[in-house]
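Engineer: No letters, just coordinates:
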């Protein structure tokens, strides 16, 4: 029998959770500020403050007090706890059980290690020298290997240790399922890419033409306003690497980077971040300042950014609407290219070395490579020192291109230096989810293409809000996708959509 | 006998104090963000977060744990505690003793009351209707009256309850001393103002001429860079009400407001805030992330802003240097006025209704009026309902001008709605301190005027750093001023400087 009546425990749990959200909001804002405009000399002191508040927040989230509340709620009779509080407790419980067995000093050591590794990565990338980073990666992987059995509250490591890492970013996914998924990608997309790449590549005459930053800013704001990014609840800034950051559904910020000689770069990165941002802006108020007030997983989040970037932003309807606007705002930006040539050029497929610059069709193949290597690192079949060769071999095999040096190869992404193993697959899962959503939405809003070609995105935005956004983290990704699209994960649909789209554009069926 | 060895207590105290600084930094940044560029809809959620973290921080600062550390340090033998830690403990002790007797629920109620009152004040000011605000002010004053005996750890209320409020902003000052000070101001400045105002006022042809914001921005940056505002450790933004905010000595931010038809408005407000900012930028590293890492009092802080705004920024030498630069950057801004006429016009004296728009000479008289009214509100000789009349009478008596309505009278300042009774005198004290510093510095850097007329402000900045800034809050204001200038507070010098300066400009001795 509990000493406290359950209502009191709920009250206390809600208060503690709210306090955690305060720390989260403060830390997010401090990080946003560092990346967008803090004075240069501020970084070290700010990093200490962020670290200090993170530690305080971590302790609070894993405190005895919190655990008692969570246990009381989870063991209370069904009818005494409302659904939202129960879900909050389930999520808190998972987080506590994962964290609490890790010795705090070891965890702190690991945080310092990854923070150092990120700095070393910058240097290694600049110097194209993997050996600088290798010892750090080894230590990170060693530490994660030690943490995996502790984190493994659901017994996922038994079939593969990497499952535990996967589950942290994308609950419900395992090596078994992803092996099948990536095998299918390889089987179906690699030949498609080869076929298209063997045809003559359409020209992109806008590449290299200077579009001044101010003109690009206006263009990007035009798109954001049209698709429904709420400037009353958000802002657009610049940063070296574009990102979205949700402080609250009333304050969601995105950044972009303007490349003067490639104005579509900023446009698509803005649309991408806008997808993330509208997710956060449209989460229901009831989840604010709780642990359910953000997107439910990395994969579902990525589905939103990809949806706006690709399914909408690279659709013919989108350009039916936007091509005249763009031509008017930036009359010289396209080098005189007409609509049809432009639209085809927009879909130029070219296997390349750099993930973040890759096209819609090859993107998931970059993820395939990373998935394969991550898995091998954790089942012991690949040593860190052999990573560069394995990387280059995989690129040669899958994409037919070989890095000339590690800077454009294994050192291109920051993720591993930060310890984010298991994160990459979310990008590909997000692509699949975006395709599922497009298909389902197409059934429910049959004239969406016409609406888009009229510059009306409101029905789409409302549809996404009602089916995905509003729920925040109240529903796990697989049940959510199952409920909305009828399937928890359907890579076939994704591959078919790509095949259909590119077959039309590049006349493959003639 | 203490259970813990003193070193452990010091360590713990340092850790707790550092944590308090983390909260302080996060809260400051969130407040800065709200005032400079946060999305409009973000305000309510952000206010809750700021309030929540403030409460957590307040509890930590007044926790048993903190109190035990502080007591252990203050009762330890002299040689076991370093001077900085001891000073930190003295300051923490004052803060705890002041706070801890206030019942937390009463304090929270008071915070909510003042926060509501600030909103009501905005409305009341817009509607020019004091009766809207009056009930709030009554409640605020009632609450403060209840808090005063609790806050009064030094027995200051015995001679006057208002002493306790004064001491919170400016330790060491009492009604007795300020009565003498303001009497002197009235006796000496009121006739001086009358004499000058009776002469024909010099014209300010720049008033009304449009200077575009971008041109003003460049001008303000030129000045900031020249005087030594460190842009590596700070930034300049815009906000409705200019302010300075110090997150750390590596991150000090100021704002300004550009009025297109009065470009000197932004220039002087920028210089003013820059004075505050350089104080914070030049505090010694050893005080960072402690409770000594900010200016020692409101008055000393204001001395720095006034020093740069008036002592330097309105000196002839400053304009010897800056007039040609300004004329080049903004050739049309002065309406063709030559140096001598401009310099005289810059010192135009005109008794007016609004404190923040008042000139160098009448400024402290606006403070005199507020001081007199605050004192009367707390000794019971003035009721809130009689405040507007008392305000208007005082303006008529001291400045010879009478507000037409409360919007330009008793409702002009936000301070009282926020509960900041006892704050206003700091502005006048700051003016006096600035004059003392100017005199002392003049003895130690005899050619400072020549340096300034060459655009070289470095010796002045270093002098202020060494004598004032570097110490942070390690020394109380009066001992600090005594040490640097030989006098804890010398209003005679301030009045004499003003008299001398204006006598020359307006030929009063002929």
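Structural biologist: Perfect, thanks for sending it. Given the structure is predicted, the values throughout are model-derived calculations rather than measurements.
Engineer: Doesn't residue A:393 belong to a helix?
Structural biologist: Yes - assessed by DSSP: H, G, I helix; E, B strand; the rest coil, residue A:393 belongs to a helix.
Engineer: Could you check how far it is from chain B?
Structural biologist: Distance of residue A:393 to chain B, computed by C-beta to the nearest C-beta, to the nearest Å: 45 Å. Just so you know, the C-beta spots here come from the backbone N, C-alpha and C atoms, and that holds for glycine as well.
Engineer: What is the burial count for that residue?
Structural biologist: Neighbours of residue A:393 under the rule other C-beta atoms under 10 Å in any protein chain shown: 13.
Engineer: Now the element after the longest helix that chain A contains, going C-ward?
Structural biologist: When chain A is parsed with DSSP state H, its longest helix is helix A:6-36. Moving toward the C-terminus from helix A:6-36, the next helix or strand (DSSP states H and E) is helix A:43-61.
Engineer: Could I get the average pLDDT for that next one?
Structural biologist: Average pLDDT, helix A:43-61: 92.
Engineer: Now name the helix or strand holding the closest residue in space to residue A:89 that isn't next to it in sequence.
Structural biologist: The shortest distance from residue A:89 to any non-neighbouring residue, by C-beta to C-beta, 6 or more residues apart in numbering or on different chains, is to residue A:73 (4.1 Å). Element membership of residue A:73 [criterion: DSSP H and E] is helix A:64-75.
Engineer: Point out the other elements, helices or strands, that the longest helix of chain A touches.
Structural biologist: Applying 3 or more C-beta pairs under 8 Å, 6 or more residues apart in numbering or on different chains; DSSP states H and E, one finds that helix A:6-36 contacts helix A:43-61, helix A:64-75, helix A:83-100, strand A:244-248, strand A:251-256, helix B:6-36, helix B:43-61.
Engineer: These: which one's closest to residue B:493?
Structural biologist: Closest to residue B:493 of these is helix B:6-36 (C-beta to C-beta; 34.1 Å).
Engineer: how far off strand A:244-248 does that closest one point, in degrees?
Structural biologist: 100 degrees (axes from the mean of the first three to the mean of the last three C-alpha atoms, to 10 degrees).
Engineer: now helix B:6-36 and helix A:43-61, what's the angle there?
Structural biologist: Here helix B:6-36 runs at an angle of 100 degrees relative to helix A:43-61 (the same axes, to 10 degrees).
Engineer: just how off-centre is helix B:6-36 within its chain?
Structural biologist: Mean-position distance between helix B:6-36 and its chain equals 22 Å (C-alpha atoms, centre = their mean, to the nearest Å).
Engineer: Check what pLDDT the residue nearest to residue A:89 gets.
Structural biologist: Residue A:73 carries a pLDDT value of 98.
Engineer: residues near the nearest residue to residue A:116 once chain neighbours are set aside, how many?
Structural biologist: The shortest distance from residue A:116 to any non-neighbouring residue, by C-beta to C-beta, 6+ apart, is to residue A:136 (6.9 Å). When neighbours are defined as other C-beta under 10 Å, residue A:136 has 22 of them.
Engineer: Quick check: which element contains residue A:136?
Structural biologist: helix A:130-151.
Engineer: Three-state assignment for residue A:507, please.
Structural biologist: Using three-state DSSP, the three-state assignment for residue A:507 comes out as coil.
Engineer: how many neighbours does it have?
Structural biologist: For residue A:507, using other C-beta under 10 Å, the count is 10.
Engineer: again with residue A:296
Structural biologist: When counting by other C-beta under 10 Å, one arrives at 25 neighbours for residue A:296.
Engineer: For it, give me its contacts.
Structural biologist: By C-beta atoms under 8 Å, 6 or more residues apart in numbering or on different chains, the contact list for residue A:296 reads A:471-477, A:480.
Engineer: Skipping adjacent residues, who's closest to residue A:140 in space?
Structural biologist: Residue A:140 sits nearest to residue A:419 (C-beta to C-beta, 6+ apart), 5.2 Å away.
Engineer: show me where the stretch 201-350 of chain A has helices.
Structural biologist: For the stretch 201-350 of chain A, applying DSSP state H, counting those that start in this stretch gives helices covering A:213-227, A:263-281, A:298-306, A:316-329, A:339-346.
Engineer: between these, which gets nearest to chain B?
Structural biologist: helix A:263-281 (9.5 Å; C-beta to the nearest C-beta).
Engineer: Output the contacting helices and strands for that closest one.
Structural biologist: If contacts are counted by 3+ C-beta pairs under 8 Å, 6+ apart, helix A:263-281 sits against helix A:213-227, strand A:234-238, strand A:244-248, strand A:251-256, helix A:298-306, helix A:458-467.
Engineer: which residues are contacting the fifth one?
Structural biologist: Contacts of helix A:298-306 from elsewhere in the structure, counted by C-beta under 8 Å, 6+ apart, are A:169-170, A:173, A:244, A:272-276, A:278-279, A:295, A:423, A:425-427, A:429-434, A:437, A:464, A:468-469, A:477, A:480-481.
Engineer: avg pLDDT for that helix?
Structural biologist: The model assigns helix A:298-306 a mean pLDDT of 98.
Engineer: again, but for the second one
Structural biologist: The predicted model assigns strand A:234-238 a mean pLDDT of 97.
Engineer: Count the residues that sit near residue A:65.
Structural biologist: Residues lying near residue A:65 (other C-beta under 10 Å) number 11.
Engineer: measure it to residue A:433 for me?
Structural biologist: 37 Å (C-beta to C-beta, to the nearest Å).
Engineer: now residue A:456
Structural biologist: Per C-beta to C-beta, residue A:456 is found 24 Å from residue A:433.
Engineer: Please identify which of those two sits among more neighbours.
Structural biologist: Just comparing residue A:456 and residue A:433: by other C-beta under 10 Å the higher neighbour count belongs to residue A:433, 32 against 15.
Engineer: That one and residue A:480 touch, don't they?
Structural biologist: No - Residue A:433 is not in contact with residue A:480 according to C-beta atoms under 8 Å; the separation is 9.3 Å.
Engineer: quick revisit: could I get the helices and strands packed on helix A:6-36 as JSON lines with distance to residue B:163?
Structural biologist: Listed next are the helices and strands packed on helix A:6-36 as JSON lines, based on distance: least, C-beta to C-beta, whole Å:
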{"stretch": "helix A:43-61", "distance to residue B:163": "36"}
{"stretch": "helix A:64-75", "distance to residue B:163": "42"}
{"stretch": "helix A:83-100", "distance to residue B:163": "50"}
{"stretch": "strand A:244-248", "distance to residue B:163": "43"}
{"stretch": "strand A:251-256", "distance to residue B:163": "43"}
{"stretch": "helix B:6-36", "distance to residue B:163": "27"}
{"stretch": "helix B:43-61", "distance to residue B:163": "24"}
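Engineer: Ok, which of the ones you listed comes nearest residue B:215?
Structural biologist: helix B:6-36 (21.2 Å).
Engineer: what's the angle from that closest one to helix B:83-100?
Structural biologist: Using the same axes, to 10 degrees: helix B:6-36 against helix B:83-100 is 60 degrees.
Engineer: Buried ones in helix B:6-36, by neighbour count?
Structural biologist: Within helix B:6-36, the residues that count as buried by 16 or more other C-beta atoms under 10 Å in any protein chain shown are B:6, B:9-10, B:12-14, B:16-36.
Engineer: Excluding chain neighbours, what is closest to the residue nearest to the spatial centre of chain A?
Structural biologist: Per C-alpha atoms, centre = their mean, the C-alpha nearest to the average position across chain A is that of residue A:302, at 4.1 Å. Leaving aside its sequence neighbours, residue A:302 sits nearest to residue A:430 (C-beta to C-beta, 6+ apart; 2.6 Å).
Engineer: I'd like the distance from that neighbour to chain B, if you could.
Structural biologist: In terms of C-beta to the nearest C-beta, residue A:430 sits 26 Å off from chain B.
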